[in-house]
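Student: Please find the sequence and the predicted model below.
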Amino acid sequence: MEAPGRPGPESGRVLDGLSDVRAFFHNNTTPLYFISPTPFNLLGIDRWVRNFFYLNYFDSFEGEHPRVFVPRRRDRVDFGSMGDVCNHLLQDPETLDFVAQRGRGGKACFVMLDEETQALAHQAGLEVMHPPADLRHRLDSKLVMTSLADEAGVPSVPHVMGHAGSYDELTALAHSAGLGDDVVVEIAYGNAGSGTFFVRGRRDWDHCAGRLTGQNLKVMKRIRNVEVCLEGTVTRHGTVIGPPMTSLVGYPEVTPGRGSWCGNDIWRGAMPPAQTRAARDIVAKLGSVLHRQGYLGYFEVDLLQDLDSDELYLGEVNPRLSGVSPMTNLTTEAYADMPLFLFHLLEYMDVEYELDIDEINSRWERGYGEHEVWGQLIISETAPDVEIFTSTPRTGVWRLHDDGHVSFARPGNDWATLLDESEAFYMRVAAPGEIRCAGAQLGVLVTPGHLQTDDYQLTERCRHWIHGLKSQFTSTPLSPTTPMVSRLVARA
């Protein structure tokens with residue numbers, strides 16, 4: 001028997017238009033859970049969806065967010081991935097009890113999940129609100145999606161695919177396609193730049209040979225580019241496409257990874273109108289590719305804009321939520337109707353609906369908020385020392401003062417109350433008692449205004465935020481008796 005507020009096809013009720021859809025989510029009675037290390041990727045969705053909860057491992061809000069659940073028992077666990085954290089939570093007695101208390105029929109969404117995650121969710125009585133893990137894994141391959149995109153007429157940077165067991169073999173492979181000696185090499189899987197390697201000579205090869213030998217490789221010509229991100233949702237009625245944003249990549253102030261993604265700027269003028277149309281056309285084609293493969297739901301696309309030719313090339317497709325999802329969902333383009341993620345939920349809510357996707361896309365392409373700019377910064381540890389945190393900045397609204405120092409302004413659950421560019425919402429990831437090591441995520445900052453200049457440098461204001469927040473961290477060297485909670489080198 002269907003729970004009240006969950007109409008299905010047999011009920012005869014059809015949601016007609018966005019007003020019906022918004023009302024449906026505001027009156028939702030189905031328990032919905034976002035299971036992830038932190039709530040960040042979908043922070044703020046609980047404002048739109050009744051009975052939406054975050055089940056997390058890292059205690060970013062110190063118990064002060066009414067929709068965030070964190071188990072009290074958090075023994076030291078050396079997680080290797082976000083998926084490991086999800087699998088741990090789905091076996092945690094406190095978490096399972098929290099789910100059971102809210103009744104049957106719950107549904108869960110994730111950033112990362114695998115077959116084990118699916119099985120554990122089903123054991124917990126939860127329906128997974130994503131396509132099957134094996135389909136998602138296949139489509140997450142950069143090599144598979146490059147081939148599928150090529151068939152759909154989506155261009156990639158000049159490249160060749162193959163194997164290389166030595167630098168000489170890599171050079172021969174690159175020369176066979178006329179790519180030269182300065183190349184970018186990708187393996188099939190790797191998030192936030194972890195599967196991308198820059199090889200200009202034998203020394204570069206020696207540094208990454210262990211990751212590349214024996215792998216299927218995509219070897220690309222090195223171009224001078226900027227990364228542009230867009231997200232979309234494949235629905236039964238077509239693909240809804242979010243706004244473009246530029247990426248912050250490889251800044252040594254916040255990430256130890258040379259090619260690692262570390263933030264975004266989003267504003268109406270992120271791309272000229274003609275390029276915006278071209279980018280949205282690429283995302284629409286990729287949405288059609290995913291739909292033909294049986295995929296429904298949220299996905300993210302990285303495009304590479306060649307600064308010398310202005311050509312747009314496919315970077316990669318992530319068939320999932322991503323680190324840029326908060327930017328997509330908070331923009332005025334999304335809030336003019338509803339956050340993009342709600343279109344994903346619609347596909348898994350046992351409800352029939354009718355929407356004019358072409359009309360929505362046309363309106364979102366025109367955009368709103370001509371002068372509105374948002375930026376987000378992912379702050380990771382860059383020092384090589386391994387220590388234990390003794391104090392870390394708390395989650396909430398922080399203020400940047402004229403002299404460059406920062407101070408805590410007030411508590412906050414997200415960025416909804418920010419007044420101007422002097423304020424930022426900071427969400428803590430690293431807490432006292434956790435391990436400080438290179439690559440570990442410290443926290444995330446969201447603020448109005450640009451964090452990157454037109455010539456792709458950090459703005460002075462961004463540098464002040466980084467310095468000011470990093471000055472709030474203190475740590476001490478490890479000792480054999482030091483109690484440790486956990487560590488996670490988090491990648492979205």
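Tutor: Noted; the coordinates are in hand.

Student: Got the domain ranges for this protein?
Tutor: When the chain is parsed with automatic domain parsing, its domains come out as 31-129, 159-221, 224-366, 373-487.

Student: Just the helices from the chain, written as ranges.
Tutor: Ranges of helices within the chain are 18-26, 82-89, 93-101, 115-123, 133-139, 142-151, 167-176, 202-212, 273-292, 325-330, 332-335, 341-346, 357-366, 460-470, based on DSSP state H.

Student: quick one: average confidence on the longest one?
Tutor: The one in question is helix 273-292. When pLDDT is averaged along helix 273-292, the result is 97.

Student: tell me the angle that helix makes with helix 142-151.
Tutor: Note on geometry: by axes from the mean of the first three to the mean of the last three C-alpha atoms, to 10 degrees, helix 273-292 and helix 142-151 are set 110 degrees apart in direction.

Student: Now do the buried residues in helix 273-292.
Tutor: The neighbour-count check on helix 273-292 (16 or more other C-beta atoms under 10 Å) flags 275-276, 278-280, 282-287, 289-290 as buried. All C-beta atoms are positioned from the backbone trio N, CA, C, and that covers glycine.

Student: now that helix, how far from the centre of its chain.
Tutor: The gap between the average C-alpha position of helix 273-292 and the chain average comes to 19 Å, counting by C-alpha atoms, centre = their mean, to the nearest Å.

Student: which outside residues touch that helix?
Tutor: Taking C-beta atoms under 8 Å, 6 or more residues apart in numbering as the criterion, the residues outside helix 273-292 that touch it are 139, 145, 148-149, 151-154, 228, 230, 232, 234, 238-239, 241, 244, 270-271, 299, 301, 303, 305, 310, 312, 314, 317, 319, 361, 365.

Student: please redo it, this time with the cut-off set to 6 Å
Tutor: 148, 152, 154, 230, 232, 234, 239, 241, 244, 301, 303, 312, 317 (C-beta atoms under 6 Å, 6 or more residues apart in numbering).

Student: so that helix versus helix 357-366, what angle?
Tutor: Taking the same axes, to 10 degrees, one finds that helix 273-292 is oriented at 150 degrees with respect to helix 357-366.

Student: Out of the domains of the chain, which is closest to residue 19?
Tutor: When those are compared for distance to residue 19 using C-beta to C-beta, the nearest one is domain 224-366, at 9.8 Å.

Student: Go through stretch 223-237 and flag the buried ones.
Tutor: For stretch 223-237, a neighbour-count test (16+ other C-beta under 10 Å) marks 223, 225-235, 237 as buried.

Student: Just give me the closest of the residues you listed to residue 16.
Tutor: Looking at those and their distance to residue 16, the nearest is residue 237, at 12.4 Å (C-beta to C-beta).

Student: Tell me how far the nearest residue to the closest one once chain neighbours are set aside lies from residue 217.
Tutor: In this structure, residue 237 finds its nearest non-sequential neighbour in residue 357, 4.8 Å apart by C-beta to C-beta, 6 or more residues apart in numbering. Residue 357 sits at a distance of 37 Å from residue 217 (criterion: C-beta to C-beta, to the nearest Å).

Student: out of the two, which sits in the busier spot?
Tutor: residue 217 (24 against 17; other C-beta atoms under 10 Å).

Student: For that one, list the residues it contacts.
Tutor: For residue 217, the set of contacting residues under the criterion of C-beta under 6 Å, 6+ apart consists of residue 185.

Student: before we move on, back to that, would you format the buried residues of stretch 223-237 as a markdown table with pLDDT included?
Tutor: Written out in a markdown table, the entries for those read as follows (pLDDT from 0 to 100):
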| residue | pLDDT |
| --- | --- |
| 223 | 94 |
| 225 | 91 |
| 226 | 91 |
| 227 | 93 |
| 228 | 96 |
| 229 | 97 |
| 230 | 97 |
| 231 | 97 |
| 232 | 97 |
| 233 | 98 |
| 234 | 98 |
| 235 | 98 |
| 237 | 97 |
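
Student: Tabulate those in a markdown table, adding columns for distance to residue 48.
Tutor: Below are those laid out as a markdown table (distance: C-beta to C-beta, whole Å):
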| residue | distance to residue 48 |
| --- | --- |
| 223 | 39 |
| 225 | 35 |
| 226 | 32 |
| 227 | 28 |
| 228 | 26 |
| 229 | 22 |
| 230 | 21 |
| 231 | 16 |
| 232 | 19 |
| 233 | 15 |
| 234 | 20 |
| 235 | 17 |
| 237 | 20 |
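
Student: I'd say residue 233 and residue 299 touch.
Tutor: No - using C-beta atoms under 6 Å, residue 233 is not in contact with residue 299, being 7.4 Å away.

Student: buried residues in stretch 85-97?
Tutor: For stretch 85-97, by 16+ other C-beta under 10 Å, it's 85, 86, 87, 88, 89, 90, 92, 95, 96.

Student: Nearest to residue 399, out of these: which one, please.
Tutor: When the buried residues of stretch 85-97 are compared for distance to residue 399, the smallest value, 31.6 Å, is given by residue 85; criterion: C-beta to C-beta.

Student: just the strands in the stretch 151-300 of the chain please.
Tutor: Here the stretch 151-300 of the chain has its strands, by DSSP state E, counting those that start in this stretch, at 159-162, 183-186, 196-199, 217-221, 225-235, 238-241, 245-249, 261-267, 297-306.

Student: Which one of those strands lies nearest to residue 331?
Tutor: Using C-beta to C-beta as the criterion, the shortest distance between residue 331 and these is 5.8 Å, found for strand 261-267.

Student: about what we covered before: now the two most distant members of the contacts of helix 273-292.
Tutor: The most widely separated members of these, counting by C-beta to C-beta, are 148 and 244 (21.7 Å).

Student: Looking only at neighbour counts, state which of these two leads.
Tutor: residue 244 (24 against 19).

Student: surely the more buried one meets residue 268?
Tutor: No - using C-beta under 6 Å, residue 244 makes no contact with residue 268, being 9.6 Å away.

Student: re the thing from before, how about the strands of the stretch 151-300 of the chain, which one is nearest residue 22?
Tutor: strand 238-241 (14.7 Å).

Student: which helices and strands does that closest one pack with?
Tutor: Under the contact criterion of 3 or more C-beta pairs under 6 Å, 6 or more residues apart in numbering; DSSP states H and E, the helices and strands touching strand 238-241 comprise strand 225-235, helix 273-292, helix 357-366.

Student: Quick one: closest of the ones you listed to residue 403.
Tutor: Ranking the helices and strands packed on strand 238-241 by their distance to residue 403 (criterion: C-beta to C-beta) puts strand 225-235 first, at 32.1 Å.

Student: Parallel or antiparallel, list what pairs with that closest one.
Tutor: Strand 225-235 sits in its sheet next to strand 238-241 (antiparallel), strand 245-249 (antiparallel), strand 297-306 (antiparallel), going by DSSP bridges.
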